[in-house]
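Chemist: Here is a sequence together with a model predicted from it:
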Amino acid sequence: MNRAIEERGYAIADALVSTEWVARHLSDPGVRVIESNEDPLLYPSGHIPGAVEVDWTRDLNDPLTRDYIDSEEFASLMSRIGVTPDTTVVFYGDRNNWWAAYAFWVFSLFGHENARIMDGGRIKWVNEGRELTTEVPVYPATTYVANPRDDVSNRAFRDEVLMHSKMRNVLIDVRSPEEFSGERLHMPDFPNEGALRGGHIPGAVNVPWAKAVNPEDGTFKSYDELMELYGQYGPDEDVIVYCRIGERSSHTWFVMKYLLGFPNVRNYDGSWTEWGNGVGLPIEK
């Protein structure tokens, strides 16, 4: 963290670190920098020295079931990248840290709370002219005992979302307004990821994820600015956020839970690719 982050007044300021902080800790054995991207070609083309790659499909998702790895597989991943339960993991990546926040969220399912996100992500590091390398680091394997995966505290499932919608609890759709209205089934310039119908979950409000970042450099907005976006939903509300597959909503989940300190925020990772195909599930346009 640095003074610029501290001055933005976040509820859990240590959840966010600056590019300067990362640069100072590149040789710190207690810190592991992790790059997580949508584009799989970025890491091999150049990454922060010492950073390991955690790929969202290969490393975090089960290859057969639409679900995440289990605790044994998570322990194996952590051992492979040389992480212990005491290691501070710092995530960064492309697209203003969508996938960094997604990896952070998956790590939270296993209780690895000693985690941070690098403010501004990969593009800020590159734009500042900081060092990149193509050398892939190898760390000594660790012994990591993972907690059982917690699918209650930070994760929501379809039936829970359906009940949430019927009770008119807070549902935040973080997609673009065109996706929310049903005009589009996917983001501009992206392929349709299998959703048959457009629209949104009944009762959901649309707060696009991008409103939480500064467009000039991808850093997060200040606490006061974020409260203007999300404060009306209240720190005591039971909040579920969703997008299309859970990556953009992980970004909003991080903002609300860590930067604003709202305790009851869950991510519906099934999101629109599940809901838009679900038999009998209601949709609003």
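Modeler: Good, I have the coordinates.
Chemist: tell me the contacts of Trp99?
Modeler: Ser36, Asn37, Glu38, Trp56, Gly93, Glu247 (CB atoms under 8 Å, 6 or more residues apart in numbering). Glycine gets a C-beta too; all of them are placed from N, C-alpha and C.
Chemist: now these: which count as buried?
Modeler: Buried members of these, counted by 16 or more other CB atoms under 10 Å: Ser36, Asn37, Trp56, Gly93, Glu247.
Chemist: In a markdown table, list the residues you listed along with distance to Phe110, pLDDT and secondary structure.
Modeler: Shown next, in a markdown table, are the buried ones among the contacts of Trp99 (distance: CB to CB, whole Å; pLDDT from 0 to 100; DSSP: H, G, I helix; E, B strand; the rest coil):
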| residue | distance to Phe110 | pLDDT | secondary structure |
| --- | --- | --- | --- |
| Ser36 | 15 | 98 | coil |
| Asn37 | 21 | 97 | coil |
| Trp56 | 15 | 93 | coil |
| Gly93 | 19 | 98 | coil |
| Glu247 | 18 | 95 | helix |
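Chemist: Closest one of those to Asn127?
Modeler: Closest to Asn127 out of these is Gly93 (14.7 Å), distances taken as CB to CB.
Chemist: any idea which helix or strand carries the residue nearest to that closest one when sequence neighbours are not counted?
Modeler: Once flanking residues are discounted, Gly93 sits nearest to Ala100: 4.1 Å by CB to CB, 6 or more residues apart in numbering. According to DSSP states H and E, Ala100 maps onto helix 98-109.
Chemist: how's this protein carved up into domains?
Modeler: 3-127, 158-275 (automatic domain parsing).
Chemist: still on that earlier bit, let's have the contacts of Trp99 in TSV, adding distance to Asp217.
Modeler: Below are those laid out as TSV (distance: CB to CB, whole Å):
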residue	distance to Asp217
Ser36	19
Asn37	18
Glu38	19
Trp56	24
Gly93	15
Glu247	20
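Chemist: which among those gets closest to Thr65?
Modeler: For the contacts of Trp99, the nearest to Thr65 is Trp56 (15.5 Å; CB to CB).
Chemist: Checking Trp125 next. Helix, strand or coil?
Modeler: helix (DSSP: H, G, I helix; E, B strand; the rest coil).
Chemist: correct me, but the residue nearest to Gly93 touches Asp119?
Modeler: No. Counting by CB atoms under 8 Å, Ala100 stays clear of Asp119, with 10.4 Å between them.
Chemist: Since that was my last question, I'll sign off now.
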